[in-house]
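Enquirer: No sequence on hand, only this structure:
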């Protein structure tokens, strides 16, 4: 199942982007979904749901990308020997 979403983009921005309306709408939706998933993943991590690796897997995000996003937002995972082994999968 899919949903129809209408996106209104100012003409000036459309001219600056020099892309078709379909391409702009598709990119906006893809970027928005990615950011929504990242936000959800980091909220789950902060709530103690699991490691960044586990949550990335559950939300179909790249683990390295999620770790980078966490770092950019000031979320530093606690690193003890067990956490390092879990994150590295060893």
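Expert: Yep, that arrived. Remember, predicted model here, so these are calculated numbers, not experimental data. Numbers count the residues shown, from 1 in each chain.
Enquirer: CA only for contacts and neighbour counts going forward, please
Expert: OK.
Enquirer: Please give the element, helix or strand, for the residue nearest in space to the middle of the chain.
Expert: The chain has residue 38 as the residue nearest its centroid, 3.0 Å off, counting by C-alpha atoms, centre = their mean. Using DSSP states H and E, residue 38 maps to helix 21-46.
Enquirer: Give the next helix or strand downstream of that helix.
Expert: Counting by DSSP H and E, what follows helix 21-46 is helix 52-58.
Enquirer: avg pLDDT for that next one?
Expert: Helix 52-58 shows a mean pLDDT of 94.
Enquirer: count of residues packed around the residue nearest to the residue nearest to the centre of the chain when sequence neighbours are not counted?
Expert: In space, residue 38 comes closest to residue 66 once its chain neighbours are excluded; the distance is 6.8 Å by C-alpha to C-alpha, 6 or more residues apart in numbering. By other C-alpha atoms under 10 Å, the residues close to residue 66 number 20.
Enquirer: Might one say that residue 66 is in contact with residue 56?
Expert: Yes. Using C-alpha atoms under 8 Å, residue 66 is in contact with residue 56, at 6.6 Å.
Enquirer: returning to what we had before: relative to residue 41, how far out is the residue nearest to residue 38?
Expert: According to C-alpha to C-alpha, to the nearest Å, residue 66 stands 8 Å off from residue 41.
Enquirer: Pull up the overlap in contacts between these two.
Expert: 52, 56 (C-alpha atoms under 8 Å, 6 or more residues apart in numbering).
Enquirer: Where in this protein is the helix or strand with the lowest mean pLDDT?
Expert: Least confident element among the helices and strands of the chain, by mean pLDDT, DSSP states H and E: helix 81-88 (a mean of 69).
Enquirer: Since that was my last question, I'll sign off now.
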